[in-house]
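Chemist: Turn this into a structure:
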Amino acid sequence: MAESNQNNPGGRSERLVWVALAGFIAAIVLFGIFSLAPGNRRGEEFPVVSTIPEFSLVEASGRTVTRADLLGDVWVADFIFTSCAGICPVLSSRMAEVQKALVERDVEARLISISVDPARDTPEVMEKYARRFGADPERWWFLTGERDELYDLIKSGFLLSVADRTQEEADADGGELITHSDRFVLVDREARIRGYYHGSDREAISDLIEDVSLLAAD
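Modeler: Here you go, the predicted structure:
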(Lines give C-alpha, C1' and ligand atoms only; values in the text may rest on other atoms or scores of the structure.)
Protein backbone atom coordinates (compact mmCIF):
# COMPACT_ATOMS: atom_id res chain seq x y z
CA MET A 1 0.00 0.00 0.00
CA ALA A 2 2.85 2.35 0.85
CA GLU A 3 4.45 1.64 -2.49
CA SER A 4 1.16 2.38 -4.25
CA ASN A 5 0.92 5.77 -2.54
CA GLN A 6 4.46 6.65 -3.49
CA ASN A 7 3.80 5.70 -7.07
CA ASN A 8 0.62 7.83 -7.20
CA PRO A 9 1.34 11.09 -5.41
CA GLY A 10 -1.30 12.84 -7.50
CA GLY A 11 -4.06 10.57 -6.17
CA ARG A 12 -3.05 11.21 -2.59
CA SER A 13 -3.00 14.97 -3.15
CA GLU A 14 -6.41 14.79 -4.74
CA ARG A 15 -7.80 12.90 -1.75
CA LEU A 16 -6.33 15.48 0.63
CA VAL A 17 -7.97 18.27 -1.35
CA TRP A 18 -11.36 16.56 -1.16
CA VAL A 19 -10.97 15.93 2.57
CA ALA A 20 -10.09 19.57 3.14
CA LEU A 21 -13.00 20.71 0.98
CA ALA A 22 -15.42 18.45 2.83
CA GLY A 23 -14.21 19.83 6.15
CA PHE A 24 -14.59 23.40 4.91
CA ILE A 25 -18.16 22.76 3.73
CA ALA A 26 -19.06 21.10 7.03
CA ALA A 27 -17.70 24.09 8.94
CA ILE A 28 -19.81 26.46 6.84
CA VAL A 29 -22.94 24.39 7.41
CA LEU A 30 -22.38 24.24 11.17
CA PHE A 31 -21.71 27.97 11.31
CA GLY A 32 -24.93 28.65 9.42
CA ILE A 33 -26.96 26.44 11.75
CA PHE A 34 -25.65 28.08 14.89
CA SER A 35 -25.79 31.65 13.54
CA LEU A 36 -29.44 31.21 12.53
CA ALA A 37 -30.45 29.44 15.72
CA PRO A 38 -32.99 31.73 17.43
CA GLY A 39 -31.20 31.90 20.76
CA ASN A 40 -27.86 32.83 19.24
CA ARG A 41 -29.38 35.29 16.78
CA ARG A 42 -31.42 37.04 19.44
CA GLY A 43 -28.50 37.23 21.81
CA GLU A 44 -26.42 39.03 19.21
CA GLU A 45 -29.09 41.31 17.77
CA PHE A 46 -31.01 42.33 20.88
CA PRO A 47 -28.68 43.71 23.52
CA VAL A 48 -30.35 45.03 26.67
CA VAL A 49 -30.08 48.82 26.46
CA SER A 50 -31.99 49.86 29.57
CA THR A 51 -35.09 49.06 31.61
CA ILE A 52 -38.28 51.12 31.47
CA PRO A 53 -39.09 52.45 34.97
CA GLU A 54 -42.49 52.42 36.66
CA PHE A 55 -45.09 54.73 35.13
CA SER A 56 -48.82 55.44 35.25
CA LEU A 57 -50.49 56.93 32.16
CA VAL A 58 -53.99 57.29 30.77
CA GLU A 59 -55.13 55.36 27.68
CA ALA A 60 -57.50 56.74 25.02
CA SER A 61 -60.31 54.67 26.53
CA GLY A 62 -59.83 56.56 29.80
CA ARG A 63 -58.36 53.69 31.80
CA THR A 64 -55.03 53.83 33.61
CA VAL A 65 -52.10 51.89 32.14
CA THR A 66 -48.99 51.12 34.17
CA ARG A 67 -45.71 49.38 33.51
CA ALA A 68 -47.16 46.27 35.15
CA ASP A 69 -49.87 46.09 32.47
CA LEU A 70 -47.19 45.59 29.84
CA LEU A 71 -45.03 43.07 31.65
CA GLY A 72 -45.20 39.79 29.78
CA ASP A 73 -45.77 41.53 26.44
CA VAL A 74 -43.33 42.42 23.70
CA TRP A 75 -44.16 46.00 22.73
CA VAL A 76 -43.19 48.84 20.42
CA ALA A 77 -43.43 52.47 21.52
CA ASP A 78 -43.35 55.72 19.60
CA PHE A 79 -43.98 59.37 20.46
CA ILE A 80 -46.47 61.66 18.73
CA PHE A 81 -48.98 64.44 19.31
CA THR A 82 -52.25 64.70 17.46
CA SER A 83 -51.97 68.33 16.30
CA CYS A 84 -48.54 67.71 14.77
CA ALA A 85 -48.41 68.57 11.07
CA GLY A 86 -44.87 67.27 10.54
CA ILE A 87 -43.44 63.85 11.35
CA CYS A 88 -46.23 62.49 13.57
CA PRO A 89 -48.68 61.46 10.83
CA VAL A 90 -45.81 59.65 9.13
CA LEU A 91 -44.92 57.84 12.34
CA SER A 92 -48.52 56.82 12.91
CA SER A 93 -48.80 55.57 9.33
CA ARG A 94 -45.68 53.48 9.89
CA MET A 95 -47.10 52.12 13.13
CA ALA A 96 -50.25 51.18 11.23
CA GLU A 97 -48.01 49.23 8.82
CA VAL A 98 -46.42 47.45 11.78
CA GLN A 99 -49.87 46.59 13.13
CA LYS A 100 -50.96 45.17 9.77
CA ALA A 101 -47.77 43.12 9.35
CA LEU A 102 -47.99 41.65 12.85
CA VAL A 103 -51.63 40.69 12.35
CA GLU A 104 -50.75 38.98 9.06
CA ARG A 105 -47.92 37.09 10.78
CA ASP A 106 -50.10 36.24 13.79
CA VAL A 107 -47.52 37.84 16.09
CA GLU A 108 -48.72 38.89 19.55
CA ALA A 109 -47.18 42.25 20.41
CA ARG A 110 -48.46 45.51 21.85
CA LEU A 111 -48.14 48.88 20.11
CA ILE A 112 -47.89 52.00 22.28
CA SER A 113 -48.11 55.60 21.03
CA ILE A 114 -47.34 58.15 23.75
CA SER A 115 -48.49 61.75 23.33
CA VAL A 116 -45.98 64.47 24.15
CA ASP A 117 -48.75 67.10 24.28
CA PRO A 118 -50.99 66.16 27.22
CA ALA A 119 -52.53 69.65 27.42
CA ARG A 120 -54.30 69.11 24.10
CA ASP A 121 -54.31 65.32 23.75
CA THR A 122 -57.14 64.28 26.02
CA PRO A 123 -58.31 60.66 25.85
CA GLU A 124 -61.19 61.77 23.60
CA VAL A 125 -58.84 63.51 21.18
CA MET A 126 -56.50 60.52 21.10
CA GLU A 127 -59.37 58.12 20.51
CA LYS A 128 -60.39 60.08 17.42
CA TYR A 129 -56.77 60.16 16.24
CA ALA A 130 -56.48 56.39 16.78
CA ARG A 131 -59.51 55.75 14.57
CA ARG A 132 -57.94 57.88 11.85
CA PHE A 133 -55.09 55.37 11.57
CA GLY A 134 -57.16 52.24 11.98
CA ALA A 135 -55.75 51.38 15.39
CA ASP A 136 -57.04 48.17 16.93
CA PRO A 137 -57.80 49.18 20.55
CA GLU A 138 -56.95 45.66 21.71
CA ARG A 139 -53.48 45.86 20.18
CA TRP A 140 -52.52 49.53 19.75
CA TRP A 141 -52.85 51.87 22.75
CA PHE A 142 -52.53 55.66 22.85
CA LEU A 143 -51.29 57.00 26.19
CA THR A 144 -50.97 60.41 27.79
CA GLY A 145 -50.44 61.80 31.27
CA GLU A 146 -49.00 64.65 33.28
CA ARG A 147 -46.45 66.64 31.28
CA ASP A 148 -43.57 66.43 33.77
CA GLU A 149 -44.07 62.69 34.27
CA LEU A 150 -44.24 62.12 30.51
CA TYR A 151 -41.12 64.12 29.75
CA ASP A 152 -39.18 62.43 32.54
CA LEU A 153 -40.29 59.00 31.28
CA ILE A 154 -39.20 59.81 27.72
CA LYS A 155 -35.85 61.27 28.73
CA SER A 156 -34.85 59.04 31.64
CA GLY A 157 -36.82 55.92 30.79
CA PHE A 158 -36.72 55.67 27.00
CA LEU A 159 -33.46 57.68 26.79
CA LEU A 160 -34.85 59.90 24.02
CA SER A 161 -35.25 63.65 23.55
CA VAL A 162 -38.34 65.82 23.94
CA ALA A 163 -38.59 69.59 24.41
CA ASP A 164 -41.01 72.49 24.25
CA ARG A 165 -40.35 75.45 21.95
CA THR A 166 -41.63 79.00 22.04
CA GLN A 167 -44.03 80.25 19.41
CA GLU A 168 -41.29 82.55 18.13
CA GLU A 169 -38.92 79.62 17.65
CA ALA A 170 -41.56 77.64 15.81
CA ASP A 171 -42.49 80.59 13.60
CA ALA A 172 -38.84 81.25 12.77
CA ASP A 173 -38.26 77.86 11.14
CA GLY A 174 -41.79 76.66 10.46
CA GLY A 175 -41.38 73.85 12.96
CA GLU A 176 -43.60 72.47 15.71
CA LEU A 177 -44.04 73.74 19.25
CA ILE A 178 -42.80 70.39 20.56
CA THR A 179 -39.76 68.52 19.31
CA HIS A 180 -39.37 64.81 19.92
CA SER A 181 -37.60 61.73 18.62
CA ASP A 182 -38.82 59.82 15.58
CA ARG A 183 -37.53 56.54 17.06
CA PHE A 184 -39.63 53.43 17.51
CA VAL A 185 -38.52 51.56 20.63
CA LEU A 186 -38.59 47.76 20.89
CA VAL A 187 -39.28 46.57 24.45
CA ASP A 188 -39.25 42.98 25.68
CA ARG A 189 -41.49 41.09 28.13
CA GLU A 190 -39.47 42.36 31.10
CA ALA A 191 -39.81 46.03 30.08
CA ARG A 192 -36.22 46.14 28.81
CA ILE A 193 -35.33 48.23 25.76
CA ARG A 194 -33.87 46.00 23.05
CA GLY A 195 -33.59 48.33 20.04
CA TYR A 196 -34.29 51.69 18.37
CA TYR A 197 -35.57 52.20 14.81
CA HIS A 198 -36.10 55.34 12.71
CA GLY A 199 -39.86 55.56 12.33
CA SER A 200 -39.64 57.53 9.10
CA ASP A 201 -37.38 54.94 7.42
CA ARG A 202 -39.23 52.12 5.64
CA GLU A 203 -36.22 49.81 5.75
CA ALA A 204 -35.88 50.35 9.48
CA ILE A 205 -39.58 49.55 9.92
CA SER A 206 -39.10 46.31 7.98
CA ASP A 207 -36.24 45.44 10.33
CA LEU A 208 -38.45 46.27 13.30
CA ILE A 209 -41.21 43.95 12.10
CA GLU A 210 -38.70 41.12 11.74
CA ASP A 211 -37.22 41.80 15.16
CA VAL A 212 -40.60 41.98 16.89
CA SER A 213 -41.49 38.64 15.32
CA LEU A 214 -38.26 37.07 16.60
CA LEU A 215 -38.53 38.54 20.08
CA ALA A 216 -42.20 37.57 20.42
CA ALA A 217 -41.37 34.00 19.42
CA ASP A 218 -38.88 33.69 22.26
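Chemist: Skip the chain neighbours and tell me the closest residue to residue 153.
Modeler: Counting by CB to CB, 6 or more residues apart in numbering, residue 153 lies nearest to residue 55, which is 5.2 Å off, once chain neighbours are set aside. For the C-beta atoms, the positions are set from N, CA and C on the backbone; glycine is no exception.
Chemist: Contact partners for that neighbour?
Modeler: For residue 55, the contact set (CB atoms under 8 Å, 6 or more residues apart in numbering) comprises 66-67, 145, 149, 153, 157.
Chemist: swap in residue 132?
Modeler: By CB under 8 Å, 6+ apart, the contact list for residue 132 reads residue 92.
Chemist: And it, its phi and psi?
Modeler: Main-chain dihedrals, residue 132, degrees, to the nearest 10: phi -60, psi -30.
Chemist: Return, as residue ranges, the portions of the protein with sub-threshold pLDDT.
Modeler: For the chain, residues meeting the criterion pLDDT under 70 lie at 1-45, 162-180.
Chemist: what's the helix or strand for residue 76?
Modeler: Mapping residue 76 onto the secondary structure by DSSP states H and E places it in strand 75-80.
Chemist: Once you drop chain neighbours, what's closest to the residue nearest the centre of the chain?
Modeler: With distances taken as CA atoms, centre = their mean, the chain has residue 186 as the residue nearest its mean C-alpha position (3.2 Å). Of all residues beyond its chain neighbours, the one nearest residue 186 is residue 195 (4.2 Å), with distances taken as CB to CB, 6+ apart.
Chemist: So residue 199 versus residue 92, what's the distance?
Modeler: Between residue 199 and residue 92 the distance, using CB to CB, to the nearest Å, works out to 9 Å.
Chemist: Next: residue 51.
Modeler: For residue 51, the distance to residue 92 equals 26 Å [CB to CB].
Chemist: and the residue nearest to the centre of the chain, helix, strand or coil?
Modeler: strand (DSSP: H, G, I helix; E, B strand; the rest coil).
Chemist: In contact with it, which residues are there?
Modeler: When contacts are counted by CB under 8 Å, 6+ apart, residue 186 touches 46, 74, 76, 193-197, 208, 211-212, 215.
Chemist: what about 10 Å?
Modeler: The neighbours of residue 186, taking CB atoms under 10 Å, 6 or more residues apart in numbering as the test, are 46, 49, 74-77, 109, 192-197, 207-208, 211-212, 215.
Chemist: Just the buried ones from these?
Modeler: Buried by 16 or more other CB atoms under 10 Å: 46, 74-77, 109, 193-197, 207-208, 211-212, 215, out of those.
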